[in-house]
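# only the shape, not the letters, is given here:
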C-alpha cells in the first residue's frame, strides 16, 4: 500500500436512508427484517473490499411506524448471522451504554469478535430520547452529562472485562489436564459510581483484543468522549468547510487526550446519488422527495426541535423562537445542525423535510461516478476525511451503483484497496491491537 | 404421522458433556469458541431431523477455568450464526431473567425468531450463584423466591412485548404511503414490582408469536413456574421411576394451572454411551472417568453442597451433616438429587465425582444402539418422557454415533420423524402458536 488509503463503511438501512425509499416499485418493504436482504448488502460491500458495515440502533421504536419500516433486528444478533455469510468485512453494531449492563454487552461484542475471527466493532451511543428510557423503568432520559459519565465508566469496565483473560491464558494441555492457566484469568473487581462488576468475563480475550470502538456523538461531551475512547468516528457534516473544521478539531482533541491522532479515523456520512448524467441523478433525488409523507415528517421534526407540531408551517421558514441547544437533553448536535442548515439556506419546513428525509443532515453527493469520486478525493486530500460512511438513499441499488461505478475509479487512482491485506477489522482500518490493560508488562512492551 | 412421536433436542457442549472430554486425543480443545465446531454439530442434528438444539448459559465464569474449557459464546449471538448454517432445526438459547432487562432480551429472542423463520426458543433460567450476581452490582444472589417472582413478571412483560405488534400490523402499502397501521402497534404500559416498561417492542411480532418457552428448574418454585409458563421442560432424572413421578407431577401441575398438559413436553436429559458391544461402551465410560482431575472436581462438589472442600474425603462417603436444601439459595434441586444419589448407592466422593463428571446427574444410557433405542422407547411408552434432551459425553462423535445408529432404529419403529413436517420449532414440537395477549378478539377466536 504505502500511500494513505481511503476507508469505506456501508451504513445498512433496509431499503435505503431516504425515508420514502421503501415506496419505490423495486423496493422490498420487508427488507428490514429479512436475512437475505442484509446478506446481499453485506456481500456487495465485501466484494468491493469495504472496510466494514454498520447498523444503527436504539432500544425503542424508530420514529413513527406508519411512515417507514420501523422494526429492526437487534444488531449483535444480525451481525452474528452476517459473520457467517461473509469472510472479511468488518461488522459494527450500535449499542447503548445507558440501557445495557457492561458484562452482558462486553460479552456479546466479544462473542461476535470470536465468531467472525476478529471483525467486530462497537458504535457506542448513549441513546437520546424519553421513549428508550421508559422501556427501562425510567420516567425520562437521564441528563446528557449523566449519560456520558455512565458511558465513560461503561467503557472502563468493558475494556477491563475484555482484558480479564490474558492472551496466553488458554494452554489446552491435555496431558497435564490444564485447559486454562488460572492466574492468567483475573477478576476486575470494578467498583464505581454506576457499576460494580467483579469479573472475569466468561470468554477468552477477543481476537482483536478489544472490538473496534466507534462513536458518532458530535456534542461537546460527545467529542470529548470520542477523543478518549473512539478509534473511528461517524459524523454528519453538511459542507466541506464544516468537515474540515470537525476533522481538525477531533484530531486536536485526540492529541490533547494523549493519544495518536492517526489512530482515530474520521468518517463523514455521505449520501451518494448517482446517475449517468448529473440530470439523471437529480431526477432520482426529486422522485424520492416527492414520496415523503409530510404529515409524518413534520411530527418528527417538531420532536427534534422540541416544539409543538402546530407551530411548524410547511410553506414557511422555521419559527424564530426555538428552544436553544442548551435546553435540550436529547440529540443536541443534530438539533443544532438542522436549525443552522435551515437558517443558512432559508429553507421552508417543506424543503427542510425533503433534505432531512434524504440524508438526515449528512452530505448528499449527487452526480456522475466521476463527479462523486472527485468530491471524495477532494475531501480526503484536503483534511476533511479519512474515509466515508456510505449511506445510499436507496438500497440495494445505491450501493450496487456506488461499488460498481465509483469504487473502481478510486481503485484506479490508487486511493482504495483492490484486495484485503489483513483479516481483522483493525487490519482494514490500519489500527493497532490494544495492549492488555490488566497486564502491565504487555502494555509496556507494546508502547 | 398420527401416532405419538418422540422429540429430540441436542444439548450442545463443546467437546461433550463429560468434563474430561476435551482431553481425548480426537477432541478439539478450542471447540467452545469455534463457529465451525458448532456448525458441524448443528448440521448432524438437523440431518437426523432433531427438533432442536440448545445452549446452556450463565453470565459468569463456568466453574474452574483450569479444569475444562470455561469460555462460551453468548447463546443468542451463536444461535443467530447457526440460523444461517441450518434450515429447519429449532434453536434454543438459555438466558437469565435475573440479569437481563425484559426489553433487551425479548428483542434479541424475537430477532433470532425473525432471522431463523420461526425457530427460536428460550430456556428460561433465574441463575443461581453469587458469581453472576457480583457481575451485576449485587453482593450475592437474590433469594430463590425473589428470583422466581422476578421471573414471573419478566415473562409477563416479555410476552406482552412480543404481542405489542398485532400480526396484521404491517401492511406495507406503498401507494398510500402507510407501512404499518399505527393503532395495531400498541404500548404495553407495564408497571410492576420489578419492571416498568412502556413498549411497544421495536420489532414486528415474531413468526412463532412467542419464541418457544423452555424451562429446567426442578425445585418447588421451578416446577410451579414451569406449570405456568413452560412449553417444554428439560430435567435431570436418574431413574425410570423418578422420571415417571416427575412426568406425572408436572402434567398435574399444568392442568391445575388451567393449561393443556399435551402442550407441555417433558424431555429428560440422557447421556448415551454407545458401543458395538455393551463392554465397548463401558470401556469408553471408564476411560473418561479416569481423565477427571479430582482436585478441581472436589472444589465444585463442595460448592454445590455448601461445605468446606477439606471436609470431603475422596475415598469416603459424603459427611452426614450437610446443609439442608432449605438452607440453600442456589440450585436447590440439583443439590438434593446429588445427595440422594450418593446416599442411595453408597458412593464414595471419588465415585460420585465420576458419575457427575459424566452426566451431572442426568441418566446415562450405556449399551449397543438397540439397547439404547429400547430404553428410550420404554421411557416414552411408560409415562416417563415425551422425548429426550441428548447430552453426549463426547462431541461430535457421540451425536454422530447416536444419529447414525439409534435414530434409524427409532425411525424404523415409527417413533421418530424421517422428514420435518413443518418449518418452525413449534411445528416440530407440535405446539400451538399463541394467541396475541393484547388482542382480545384474536385470543377469543383461538381458544
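Received it, and whenever you're ready, just let me know what you need. All values derive from a computational prediction rather than experimental measurement.
# tell me the contacts of residue A:214?
Counting by CB atoms under 8 Å, 6 or more residues apart in numbering or on different chains, residue A:214 touches A:54, A:92, A:121-124, A:230-234. Backbone N, C-alpha and C define where each C-beta goes, glycine included.
# which of those residues fall in strands?
Using DSSP state E, the subset of those located in strands is A:54, A:92, A:121-124, A:232-234.
# about what we covered before: need the contacts of residue A:214 in TSV with distance to residue B:77 and neighbour count, can you?
As requested, the contacts of residue A:214 are exported to TSV (distance: CB to CB, whole Å; neighbours: other CB atoms under 10 Å in any protein chain shown):
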residue	distance to residue B:77	neighbour count
A:54	17	27
A:92	15	31
A:121	15	30
A:122	13	26
A:123	17	23
A:124	18	24
A:230	23	27
A:231	22	23
A:232	22	30
A:233	26	27
A:234	23	26
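# just give me the closest of these to chain B.
residue A:122 (13.3 Å; CB to the nearest CB).
# kindly provide the distance from the closest one to residue B:72.
20 Å (CB to CB, to the nearest Å).
# with residue A:40 instead?
Relative to residue B:72, residue A:40 is positioned 31 Å away (CB to CB).
# neighbour-wise, which of those two wins?
Legend: neighbour count by other CB atoms under 10 Å in any protein chain shown for residue A:40 and residue B:72, higher for residue B:72 (24 against 17).
# quick one: pLDDT of the closest residue to that one other than its chain neighbours?
In this structure, residue B:72 finds its nearest non-sequential neighbour in residue B:32, 5.9 Å apart by CB to CB, 6 or more residues apart in numbering or on different chains. Predicted confidence (pLDDT) for residue B:32: 95.
# residue A:322 now?
86.
# who are the contact partners of it?
A:305-307, A:339.
# out of those, flag the one nearest to chain B.
Closest to chain B, out of all of these and judged by CB to the nearest CB, is residue A:306, at 19.6 Å.
# relative to residue A:335, how far out is that closest one?
For residue A:306, the distance to residue A:335 (CB to CB) stands at 8 Å.
# looking at these two, which is more packed in?
Per other CB under 10 Å, whichever of residue A:306 and residue A:335 has more neighbours is residue A:335, with 21 against 14.
# the more buried one against residue A:305, yeah?
Yes: contact status for residue A:335 versus residue A:305: in contact at 6.3 Å, counting by CB atoms under 8 Å.
# is the helix or strand harbouring residue A:81 anywhere near chain B?
Per DSSP states H and E, residue A:81 falls inside helix A:75-85. Yes: shown here: helix A:75-85 in contact with chain B (CB under 8 Å from any CB of the partner chain) through A:76-78, A:80-81, A:83-85.
# by neighbours, which of these wins?
Highest count within those by other CB under 10 Å belongs to residue A:80, 33 neighbours.
# so that one is in contact with residue B:85, correct?
No: when contacts are counted by CB under 8 Å, residue A:80 is not listed as touching residue B:85 (11.1 Å).
# what sits up against stretch A:345-354?
Against stretch A:345-354 from outside (CB under 8 Å, 6+ apart): A:289, A:292, A:294, A:297-298, A:301, A:312-318, A:338, A:341-342, A:355.
# for PyMOL, what selects the buried ones among the residues you listed?
To isolate the buried subset of these in PyMOL, counting by 16 or more other CB atoms under 10 Å in any protein chain shown, use the following:
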select buried, chain A and resi 289+292+297+298+301+312+318+338+341+342+355
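# separation between residue A:226 and chain B?
According to CB to the nearest CB, to the nearest Å, residue A:226 and chain B sit 25 Å apart.
# same check on residue A:338?
Noted for residue A:338: a distance of 23 Å to chain B, by CB to the nearest CB.
# check which helix or strand that residue maps to.
Here residue A:338 is assigned to helix A:332-344, by DSSP H and E.
# which helices and strands does that helix pack with?
If you count contacts as 3 or more CB pairs under 8 Å, 6 or more residues apart in numbering or on different chains; DSSP states H and E, helix A:332-344 packs onto helix A:294-305, helix A:349-359.
# winner for burial among those?
helix A:349-359 (a mean of 21; mean count of other CB atoms under 10 Å in any protein chain shown).
# after that helix, next one along is what?
strand A:363-367.
# identify all contacting residues around the helix or strand harbouring residue A:249.
Residue A:249 belongs to helix A:240-256 when assigned by DSSP H and E. Under the contact criterion CB under 8 Å, 6+ apart, helix A:240-256 has outside partners A:218, A:223-224, A:226-227, A:233, A:235, A:237, A:260-261, A:263-264, A:266, A:268, A:363, A:378-379, A:382-385.
# which of these count as buried?
For the contacts of helix A:240-256, buried by 16+ other CB under 10 Å: A:218, A:223-224, A:226-227, A:233, A:235, A:237, A:261, A:264, A:266, A:268, A:363, A:379, A:384-385.
# so which of those are in helices?
A:223-224, A:226-227, A:379 (DSSP state H).
# contacts only, for the residue in the stretch 251-400 of chain A that chain B sits nearest to.
Nearest residue of the stretch 251-400 of chain A to chain B, counting by CB to the nearest CB: residue A:293, 4.4 Å away. Applying CB under 8 Å, 6+ apart, we find residue A:293 in contact with A:20, A:67, B:177.
# how many other residues sit next to the residue nearest to residue A:206 when sequence neighbours are not counted?
The shortest distance from residue A:206 to any non-neighbouring residue, by CB to CB, 6+ apart, is to residue A:113 (3.7 Å). The tally of other residues near residue A:113 (other CB under 10 Å) stands at 28.
# so residue A:113, which of the three states?
Put simply, residue A:113 is helix when judged by DSSP: H, G, I helix; E, B strand; the rest coil.
# try residue A:142
When classified by three-state DSSP, residue A:142 comes out as coil.
# which stretch of helix or strand covers the residue nearest to it when sequence neighbours are not counted?
With sequence-adjacent residues excluded and distances taken as CB to CB, 6+ apart, residue A:142 is closest to residue A:98, at 6.5 Å. Assigned by DSSP H and E, residue A:98 belongs to no helix or strand.
# contacts only, for residue A:98.
Contacts for residue A:98 were tallied using CB under 8 Å, 6+ apart; they are A:126-127, A:132-133, A:141-142, A:147, A:150-151.
# tell me how far stretch A:39-58 lies from the chain's centre.
12 Å (CA atoms, centre = their mean, to the nearest Å).
# for stretch A:92-109, same thing?
On CA atoms, centre = their mean, the centre of stretch A:92-109 falls 14 Å from that of its chain.
# average pLDDT across it?
Rounded mean pLDDT across stretch A:92-109 is 98.
# next: stretch A:247-264.
Per-residue scores along stretch A:247-264 average to 97.
# again with stretch A:440-447
Stretch A:440-447 comes out at a mean pLDDT of 55.
# picking that back up, which phi and psi values does the residue nearest to residue A:142 adopt?
Residue A:98 adopts backbone torsions of phi -80, psi -30, taken as degrees, to the nearest 10.
# okay, the residues of helix A:75-85 next to chain B in a markdown table with distance to residue A:397 and pLDDT next?
Output for the residues of helix A:75-85 next to chain B, formatted as a markdown table (distance: CB to CB, whole Å; pLDDT from 0 to 100):
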| residue | distance to residue A:397 | pLDDT |
| --- | --- | --- |
| A:76 | 28 | 98 |
| A:77 | 26 | 98 |
| A:78 | 21 | 98 |
| A:80 | 27 | 98 |
| A:81 | 23 | 98 |
| A:83 | 25 | 98 |
| A:84 | 25 | 97 |
| A:85 | 20 | 97 |
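# what's residue A:394 in contact with, if anything?
Taking CB under 8 Å, 6+ apart, we find residue A:394 in contact with A:15-16, A:18, A:21, A:24, A:27, A:284, A:288.
# let's see it at 6 Å
A:16, A:21 (CB atoms under 6 Å, 6 or more residues apart in numbering or on different chains).
# state the pLDDT value of it.
pLDDT, residue A:394: 92.
# what's around the closest residue to residue A:37 other than its chain neighbours, how many residues?
Spatially, and ignoring its direct neighbours in sequence, residue A:37 is nearest to residue A:31 (3.9 Å; CB to CB, 6+ apart). When neighbours are defined as other CB under 10 Å, residue A:31 has 22 of them.
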